[in-house]
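In: Return atomic coordinates for the entry below.
(one chain, ligands or ions: 2)
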Amino acid sequence: MRVRGTALRKVIYLLGVPGTGKSSVGRELVRRLHGELVDVSELVVRKGLYTSYDRENATYVADVPRISKLLAEKASSSNSSLVVSSNFAVRAPGARDFAVFLLRCNPLVLMKRLSDRGYDNKKISDNLIAELVGLSLDDACTTFGSKNVVEIDATKLSMSLIVSCIMDELARGDDAPRGWIDWISRLEGNPALGDLVLFISRHSSAPGLSSVRHRRHRAQASLKRRGSLRRVSAP
Ligand SMILES: Nc1ncnc2c1ncn2[C@@H]1O[C@H](COP(=O)(O)OP(=O)(O)O)[C@@H](O)[C@H]1O
Ligand SMILES: [Mg+2]
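Out: Ligands and ions are numbered 1, 2, ... in the order given. Predicted coordinates:
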């Protein structure tokens, strides 16, 4: 079966902080599209595409130009869809047909997923801040342009529903509803938000809620400058 529109979408980016479901969604998506999945984190380590190792944060510092070059090579060497799963926005230059999906997850749920994954408290906190204030959204918009970014609140959706949302979006083109996900507003009044912020302020290198609020306002201001975003919510 050929899904309307998908044949034109050569590169499909799946972005989001760790634990939002990129790998799980990517596996299902390439199965449906008969495409190829590239996990950027895995690629960075396997091919040595990093400039250094950050001991404090226990992460490799990705060599973005070399990753971009490799993605461009992959995109041009195959006719099937290339699904790129990444924690940060990285682009295959020259690939004109692309779509960008940013997976979001309620930070209260994300906390449990990252803890189950065995991350230490600092790494959990840093990723929770990123999700809470939408740093991945800012990153995606800066790299791809806000009109090209489709957000999906994947917290409560099954894998098949998320993939169906993506397939629908690929087929639909430009008619998606607009808006963006702001967890702090959504969780306002929920006592669990206070516990989450306390956890972050204890363990993150960032100095607590004032920093979270500051970053959130910065992200909001930056988004307002760039215009609104496309979002896919649960049907
Ligand atoms: N929509 C979802 N519903 C329930 N569990 C999910 C969902 N998305 C991801 N998970 C679970 O969360 C964990 C992290 O998912 P994963 O696909 O590895 O995320 P990522 O690649 O973004 O780090 C896995 O245990 C996965 O089964
Ligand atoms: Mg993954």
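In: can you give me the helices for this protein?
Out: With DSSP state H as the criterion, the chain has helices at 22-33, 40-46, 64-76, 107-116, 121-133, 135-144, 159-172, 183-187, 191-203, 209-226.
In: Which residue lies closest in space to the closest residue to ligand 2 within the chain, excluding its sequence neighbours?
Out: Evaluated by CB to the ion, the chain has residue 23 as its residue closest to ligand 2, separated by 3.2 Å. Where you see a C-beta, it was placed from the backbone N, CA and C, and this is true even at glycine. Among residues not flanking residue 23 along the chain, residue 85 sits closest, at 5.9 Å (CB to CB, 6 or more residues apart in numbering).
In: near ligand 1, which residues of this structure?
Out: Residues of the chain that fall close to ligand 1, judged by CB under 6 Å from any ligand atom: 16, 18, 19, 20, 21, 22, 23, 24, 113, 154, 157.
In: Tell me which of the helices of the chain lies nearest to residue 95.
Out: The closest of the helices of the chain to residue 95 is helix 64-76. By CB to CB, the value is 4.4 Å.
In: can you point me to the longest strand in this structure?
Out: Using DSSP state E, we find that the single longest strand of the chain is strand 98-104.
In: Identify all contacting residues around that one.
Out: Applying CB atoms under 8 Å, 6 or more residues apart in numbering, the contact partners of strand 98-104 are 9-16, 20-22, 25, 89, 91-92, 131, 136-137, 140, 144, 148-155, 162, 166, 169-170, 181, 183.
In: mind putting the helices of the chain in CSV, mean neighbour count and distance to residue 56 included?
Out: Listed next are those as CSV, based on neighbours: other CB atoms under 10 Å; distance: least, CB to CB, whole Å:
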stretch, mean neighbour count, distance to residue 56
helix 22-33, 20, 25
helix 40-46, 17, 18
helix 64-76, 17, 20
helix 107-116, 18, 18
helix 121-133, 22, 9
helix 135-144, 21, 18
helix 159-172, 17, 34
helix 183-187, 16, 26
helix 191-203, 15, 14
helix 209-226, 15, 18
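In: All set, thanks.
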